[in-house]
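>>> Structural data only, the sequence is not supplied:
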DNA sequence: TTCCATCTTGACATATTTGACAAGTCAAGA
DNA sequence: TCTTGACTTGTCAAATATGTCAAGATGGAA
């Protein structure tokens, strides 16, 4: 899979989970440990940046889901 | 979860899968698209670096597993 | 011991993520 | 129209991931 494709898929997955939980980006940031702001959430959700695993981990925690759930986008052959 | 703890867990998981498949780091690098070398594999496996999702994706592809499988380390509450 | 394969570690340059702030866009509603 | 909330986008500095090379450590086999 191409880099930009992966980043878009991961971003969409995060946005999907966040919206399912009825959270705004500001809400999410408020639930995340340490410093992070909506600028980064926005860039990650739109696939414009290639986040580190630790950043994704903090987002997952804020969303109350596992990292595995964020990676849950079909592609069994991956 | 702490950053260093997460990185160690992810690293161990990658090393575990790689060794289960009987691959050396050099073997793995040979199966990965684009540039990557054993230096990075070693640093990631030992948790000394915080890899981006795309780097993990390429490693997963080289190991013939999904990203989800690499994130498969207990912690349902995460 | 000497080789050899494997892995780790340090140093370095480059690229990019991250955090922070400001400004812009857009839609909904008063 | 004006305001407000939500999100996007640009810029900047600081931190760090990545790629590369070289050297060191380790263990096994000859």
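Sure thing, it's come through. All figures in this text were calculated on a predicted structure; none of them were measured in a lab.
>>> Would you mind naming what in chain A lies close to DNA strand D?
Of all the residues in chain A, those in contact range of DNA strand D (CB under 7 Å from any atom of the strand) are A:19, A:24-26, A:38-39, A:41-43, A:45-46, A:48, A:52. Bear in mind the C-beta positions are built from the backbone N, C-alpha and C, glycine included.
>>> Restricted to helices, list the residues you listed.
The members of the residues of chain A next to DNA strand D that map onto helices under DSSP state H are A:19, A:25-26, A:38-39, A:41-43, A:45.
>>> Pull out the buried members of these.
Using 16 or more other CB atoms under 10 Å in any protein chain shown as the burial test, these include A:25, A:41, A:45 as buried.
>>> Which residue comes closest to the second one once chain neighbours are left out?
Think residue A:41. Take residue A:41 and drop its neighbours on the chain: the residue closest to it by CB to CB, 6 or more residues apart in numbering or on different chains is residue A:25, 4.7 Å away.
>>> ok now do the one you found, which residues does it touch?
Remark: with contacts taken as CB atoms under 8 Å, 6 or more residues apart in numbering or on different chains, residue A:25 is in contact with A:18, A:38, A:41-42, A:45.
>>> for chain A, which residue is closest to the average position?
The structure's chain A has its C-alpha centroid closest to residue A:14; by CA atoms, centre = their mean the separation is 3.6 Å.
>>> and which of the contacts of residue A:25 is nearest to DNA strand D?
residue A:42 (3.1 Å; CB to the nearest atom of the strand).
>>> dump the residue contacts of the closest one.
By CB under 8 Å, 6+ apart, residue A:42 lies in contact with residue A:25.
>>> now do 6 Å
The neighbourhood of residue A:42, defined by CB atoms under 6 Å, 6 or more residues apart in numbering or on different chains, contains no residues.
>>> ok, back up a step: part of a helix, is the residue nearest to the centre of chain A?
Yes: the assignment for residue A:14 by DSSP: H, G, I helix; E, B strand; the rest coil puts it in a helix.
>>> leaving aside the residues next to it on the chain, what's closest to it?
residue A:45 (5.5 Å).
>>> circling back: redo the residues of chain A next to DNA strand D as CSV? Include distance to residue A:2.
Rendered in CSV, the data for these read as follows (distance: CB to CB, whole Å):
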residue, distance to residue A:2
A:19, 25
A:24, 30
A:25, 26
A:26, 31
A:38, 27
A:39, 25
A:41, 23
A:42, 21
A:43, 18
A:45, 18
A:46, 16
A:48, 15
A:52, 19
